[in-house]
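In: Would you be able to build a 3D model of this:
(2 chains)
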Amino acid sequence: MTDYLKDANTKQNQEDFLNRIAKAADRPRHTLKDDPFVPVNDLPEKTLSGKSQDELLEIAKKNSEEVHVDFRIVKSAELGHTLNDFIQEKDIKSLMLPSFDEKKWQDYSLGNWQDNLRVDPVYYWEEELGRQNIVNANNSDGAIGFADFLLAESGTITIATYPEQGRTFHFLPTHYLAIIPKSKILPRSRQAMDYYQKAIQDGTLKTSNINFITGPSNSGDIEMVLIVGVHGPLDMEYVVVEDM
Amino acid sequence: MGIATSDKPFNERITEAEADKFMRASVAKAQDAQFQKRTEARRQLGNWEGWRDLSAEIRQHVLKHLPDYLEEFSDNVQKNGGHVFFAKDGDEASTFIKELAIKKKAQHIVKSKSMVTTEIGLDKDLLTIPGVSLMETDLAEFILQEDNWDEPTHIVFPTLHKNRNQIQKVFEKLGYDGDNDPEHMARFVRHYLRNYFMKADFGITGCNFAIANNGMINLVTNEGNADLTMAIPKTQVVVMGMERIVPSLKEAETLDNVLCRSAVGQKLTSYCTFSKGKEANEADGPDDFYVVIVDNGRSEMLNTDFEPMLQCIRCGSCLNVCPVYRQVGGKGYGSIYPGPMGAVLSPILGGYQEFKELPYACSLCAACTETCPVKIPLHDLIRHHRYVEMDQLHLDHSMSNTLLKAVGKGTSSPVLFNDAMRFAHIALEPFGKKTTPEDVKNLYPEGKINHLPAVAPKLAQGWVNVRDLAVPPKYHQNFRHWYRHHEEEEGQKND
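Out: Next comes the predicted model:
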């Protein structure tokens, strides 16, 4: 039996391959520094630019509803009520919340909200539970989390993975609600990507994963009939906090 | 599975496809629905040609510096704590992953949809490991797996050829006792596969784009299974064609926008994810992250007329506009890569001997070239395959070839050509039928031929089967005769 495993991450495996394709292409290697990529136009930046935050909110609402998202706009004082309504309407019995510290909740005027919940929440990550936390996420029938941005053009929320709010948080629970401040609505995916690229490069964001989520999971694999809700959440709600 | 999905001859596949009325109706419905959605999504984006220019430029730039970008990506994956293996062919890639699964003592493997893993025949290789189970988790791929590994017929909608009743029967074998409502069946699969996901220890994904400057991979999906594959198992293997790379997150973002609109008419699919092995302080995601970069014949396109094919981002929009694909579906092509992109790619990756007919399964209408978001001149490449097959490889040894050679000789010799003119009417007139009032006036003054006897060459029979052939005029009434006479009447010679 061969043993290719020992070849992974070896210089020889890499160089043999790269030299071979450079030869096939009949082009020298290491020419990129003299010929960096220069985009032929600035459409990603220019498209949908120059809109006010009010205009972006309107566009975001329309496009989110088009992708089957329940879209709400609330003041921060009403946010707790809206979240309680979500828990009640979806009949959530096991609620998953992110493990952010008190300050994050206070920023959203939710400092005392968790004290009076009709269900005992499960927090996304508790160190001593290890992978049992993933089982907890699977057993949760609802999750309420915080998104980084909302993209007006496509009705997309963007979320980096944080220790307090990780990958399975957004995929295993049955119903899902994301909270987004109005000030974090961006025109389109380019502006979000500019932020993530810069934050990763300058080290202010350490993350292994960035999710761009556009509505609930869906599929057209059976006779091209749209099915909303496949492996990920069955439905989604975005709550935009107007005065943040 | 490899590239080929069938060992039947081309003509037999086409005959079977022609008889499959459900498949043909499904493909037509899908093409029409996708046309509306795709056109509207592109219109809303605005300046679609500008987006195509930018997307093509990204892909061409990457191909020009492919070794440099792959080196940068590989270095960054390793800096992030991951592992990279460069595989020159499918066997190396598949064997590496199999060895890894054995080393990691994998028991429950989950996969998300990936064309390149189908291309290298990975699933069946992994299933030879004792004690290992494997689950395709994309809904369509799961249906194909449970239906005795049926062939995919579209690169984006692999089960386009199956109806809901057939799918219901597949699920009944797994314990499903509901009706044929697609939503009910999807809920059954959600529950069935969720249980499997929770015990999965080894995940395999494809890769829409690898990000050179940070070592992440980008996946564009709708169901959520790919993200679970990247979140739950402790080991993740990413399998990527070597050309699927972009300089940075920004170019991935540009291409995701044109990919989603072109593939399914969505502004963005439900999930566009950028991912790598987990950070030390994170809770879920893979502890071990491997990337297998596969050549498998791709480098043969570099520095040839076929290099633009490596720009392909697998959106499938060329399939969705192709009039030939509309009639024969994916099974007619006999390749995991069907349609126009398959007619270009299959002979290169799978060999001319196996796929020599595919470049002829094309009317050269160029609708594929027109719709391609990264501006691959698909119909030109298909025509170039014909040139390679005829002039370089001399692959055609059929009667048609002999016949065309005879026609070439006849038309290049004045004596033979004149004789053919002289006897054309006499030879073909017996097969002619009278015209009817429905026929175009003056098109068939001597009658028309729409049937030839079985002894006639197949080339000629094929011609008259699909279009009427006018009976040639009598020798003294043909154009050359008339023209000479006309010159005499005019008293001058026209050169």
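In: Tell me, how many residues neighbour whichever residue of chain A sits closest to chain B?
Out: Proximity of chain A to chain B (CB to the nearest CB) peaks at A:Gly232, 2.8 Å away. (Glycine included, C-beta is placed from N, CA and C.) A:Gly232 has 27 neighbouring residues, counting by other CB atoms under 10 Å in any protein chain shown.
In: same thing with the one 4 residues further on?
Out: Here the count is done by other CB under 10 Å, and A:Met236 has 27 residues near it.
In: what does A:Lys103 give?
Out: Neighbourhood size, A:Lys103 [other CB under 10 Å]: 8.
In: Next, the buried residues of stretch A:117-137.
Out: Going by neighbour count (16 or more other CB atoms under 10 Å in any protein chain shown), the buried part of stretch A:117-137 is A:121-125, A:133-134, A:136-137.
In: how about the strands in the chain?
Out: Just going to use chain A. Assigned by DSSP state E, chain A shows strands spanning A:69-74, A:95-97, A:122-123, A:142-146, A:149-151, A:156-160, A:175-181, A:185-186, A:209-213, A:218-219, A:227-228, A:235-241.
In: think we crossed wires, I meant chain B
Out: Taking DSSP E as the test, the strands found in chain B are B:83-87, B:108-111, B:133-136, B:202-205, B:209-211, B:217-221, B:235-241, B:245-246, B:271-275, B:288-294, B:448-449, B:469-470.
In: quick revisit: is it possible to export the buried residues of stretch A:117-137 to a markdown table including pLDDT and distance to A:Gln197?
Out: Formatted as a markdown table, the buried residues of stretch A:117-137 follow (pLDDT from 0 to 100; distance: CB to CB, whole Å):
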| residue | pLDDT | distance to A:Gln197 |
| --- | --- | --- |
| A:Pro121 | 93 | 34 |
| A:Val122 | 93 | 34 |
| A:Tyr123 | 93 | 31 |
| A:Tyr124 | 92 | 26 |
| A:Trp125 | 87 | 26 |
| A:Asn133 | 89 | 30 |
| A:Ile134 | 92 | 29 |
| A:Asn136 | 93 | 33 |
| A:Ala137 | 94 | 29 |
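In: From those, which land in helices?
Out: With helices defined by DSSP state H, the entries of the buried residues of stretch A:117-137 inside them are A:133-134, A:136-137.
In: Those: which ones sit near chain B?
Out: Of the residues in those, proximity to chain B by CB under 8 Å from any CB of the partner chain holds for A:133-134.
In: Could you find the closest non-adjacent residue to the residue of chain A closest to chain B?
Out: Leaving aside its sequence neighbours, A:Gly232 sits nearest to B:Gly224 (CB to CB, 6 or more residues apart in numbering or on different chains; 2.8 Å).
In: distance of the one you found from B:Met230?
Out: Distance, B:Gly224 to B:Met230, by CB to CB, to the nearest Å: 11 Å.
In: who touches residue 16 in this structure?
Out: You didn't say which chain, so I picked chain A. B:Phe86 (CB atoms under 8 Å, 6 or more residues apart in numbering or on different chains).
In: try chain B instead
Out: By CB under 8 Å, 6+ apart, the residues touching B:Glu16 are B:8, B:331.
In: one more time with 7 Å
Out: B:Lys331 (CB atoms under 7 Å, 6 or more residues apart in numbering or on different chains).
In: okay, now the nearest residue in space to A:Tyr4 that is not next to it in sequence: neighbour count?
Out: Nearest non-adjacent residue to A:Tyr4, counting by CB to CB, 6+ apart: B:Phe96, 4.1 Å away. For B:Phe96, the neighbour count with other CB under 10 Å is 24.
In: I figured B:Phe96 hits A:Thr2, correct?
Out: No: if you go by CB atoms under 7 Å, B:Phe96 and A:Thr2 don't touch, sitting 8.7 Å apart.
In: A:Ala147 is in contact with A:Ala178, isn't it?
Out: Yes: the criterion here is CB under 7 Å, and A:Ala147 meets it with A:Ala178 at 4.3 Å.
In: Overlap in contacts, the two.
Out: The contact lists of A:Ala147 and A:Ala178 share A:Ile157, where a contact means CB under 7 Å, 6+ apart.
In: Spatially central residue for chain A, please.
Out: A:Ile159 (2.9 Å; CA atoms, centre = their mean).
In: Next up, the contacts around that one.
Out: Contacts of A:Ile159 by CB under 7 Å, 6+ apart are A:147-148, A:170, A:211, A:213.
In: Of all pairs in those, which one is the farthest apart?
Out: Farthest-apart pair in the contacts of A:Ile159 is A:Asp148 and A:His170; separation 12.0 Å (CB to CB).
In: Settle it for me: which of these two has more neighbours?
Out: A:His170 (28 against 20).
In: Excluding chain neighbours, give the residue nearest to that one in space.
Out: For A:His170, the closest residue by CB to CB, 6+ apart turns out to be A:Asn211, at 5.8 Å.
In: which residues does that neighbour bridge with?
Out: A:Ile159, B:Thr273 (DSSP bridges).
In: Contacts only, for the closest residue in space to B:Gln145 that isn't next to it in sequence.
Out: Excluding the flanking residues, the one nearest B:Gln145 by CB to CB, 6+ apart is B:Glu136, at 4.6 Å. B:Glu136 makes contacts with B:111, B:142, B:145, as judged by CB under 7 Å, 6+ apart.
In: still on that earlier bit, quick one: which of the buried residues of stretch A:117-137 is nearest to A:Glu55?
Out: For those, the nearest to A:Glu55 is A:Tyr124 (34.4 Å; CB to CB).
In: export the contacts of B:Glu136 to a markdown table and tack on pLDDT and neighbour count?
Out: Listed next are those as a markdown table, based on pLDDT from 0 to 100; neighbours: other CB atoms under 10 Å in any protein chain shown:
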| residue | pLDDT | neighbour count |
| --- | --- | --- |
| B:Lys111 | 97 | 29 |
| B:Phe142 | 95 | 23 |
| B:Gln145 | 95 | 18 |
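In: now these in CSV, with distance to B:Phe355?
Out: What follows is the contacts of B:Glu136, written out as CSV (distance: CB to CB, whole Å):
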residue, distance to B:Phe355
B:Lys111, 26
B:Phe142, 28
B:Gln145, 25
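In: Just give the closest residue to A:Phe212, not the sequence neighbours.
Out: B:Cys272 is the one closest to A:Phe212 (CB to CB, 6+ apart), at 4.0 Å.
In: and the residue nearest to A:Gly232, what does it touch?
Out: A:171, A:217, A:230-232, B:271.
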